[in-house]
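Asker: Provided below for reference: sequence and predicted model.
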Amino acid sequence: MFPLGQNIRFQKCQWHQDQNQVYYNSDTRVSYCDTCIASDKVNVNELIVSTKYCQEAYDNWKKLLNQSQYLSSEHEQKEKEYGIPWRSAFKVEIRSALSHLKHRLFGRPDIDENEDVFNSLVNLVYNSKQDAESFFLNTQSDMLQTLQESYDLMHNQIIYLKKILKEPEVKKFAEIKQSIFNE
Ligand SMILES: [Zn+2]
């Protein structure tokens, strides 16, 4: 289940240095240890087990990376099946998706004319997934949560591309886009 040869580490509680943080409140983004809980000053109903929170967030990143890696081969099949107009329309959409992500994540929307957009998209997801893995291995729930905005941006674009890969009618792309982005 865990990456080979790597162990899960915990952060120390900010109030009780001899204790590990094991619970997390995702609303306040504060972590707590068992001693915190025993002090009765914490509402346990608002807490989740940190390892569980981190595992779920990291699993989402792994799944997203997998989906991004699969786009290229799925596209190879579909472009043969749907033909040249569809291929051109899809190319516009994937370049727009990548440009949008680069703009939101780095403030630089530019894509080179010869850039392999499938590869660039995978690299974007891969880099954040590596960050997520490091936070996961150190049970840094709050750091994993800071990646959530990037995750949502990438996830929406990849879900959109996956959906239009299943849509042979180019004129329906706009409708699909609206259903995902509420534009
Ligand atoms: Zn504590």
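Answerer: Structure received. Numbering: from 1, shown residues only.
Asker: hey, let's count contacts and neighbours off CA atoms from now on
Answerer: Will do.
Asker: which secondary structure elements does the helix or strand encompassing residue 104 sit against?
Answerer: For residue 104, the host element (DSSP states H and E) is helix 84-106. The contact analysis (3 or more CA pairs under 8 Å, 6 or more residues apart in numbering; DSSP states H and E) places helix 84-106 against helix 117-137, helix 148-165.
Asker: which residues touch stretch 26-40?
Answerer: If you take CA atoms under 8 Å, 6 or more residues apart in numbering as the criterion, stretch 26-40 is touched by 13, 16, 19-25, 42, 44, 47, 50, 141-142, 145.
Asker: highest neighbour count among the residues you listed?
Answerer: Comparing the contacts of stretch 26-40 by number of neighbours (other CA atoms under 10 Å), residue 141 comes first, having 29 neighbours.
Asker: give me the nearest residue to that one, chain neighbours excluded.
Answerer: Using CA to CA, 6 or more residues apart in numbering and skipping the chain neighbours, the partner closest in space to residue 141 is residue 54 (5.7 Å).
Asker: helix or strand: which one has that neighbour?
Answerer: Assigned by DSSP H and E, residue 54 belongs to helix 50-82.
Asker: pLDDT on that helix, on average?
Answerer: Helix 50-82 shows a mean pLDDT of 97.
Asker: re earlier: closest one of the contacts of stretch 26-40 to residue 104?
Answerer: residue 145 (17.4 Å; CA to CA).
Asker: pLDDT score assigned to the residue lying farthest from the centre of the chain?
Answerer: The centre of the chain is farthest from one residue, residue 39, which by CA atoms, centre = their mean lies 35.7 Å away. Reported pLDDT at residue 39 in the predicted model: 91.
Asker: do the same with residue 182
Answerer: At residue 182, the pLDDT value in this model is 84.
Asker: how close does it sit to residue 160?
Answerer: Computed with CA to CA, to the nearest Å, the distance linking residue 182 and residue 160 is 12 Å.
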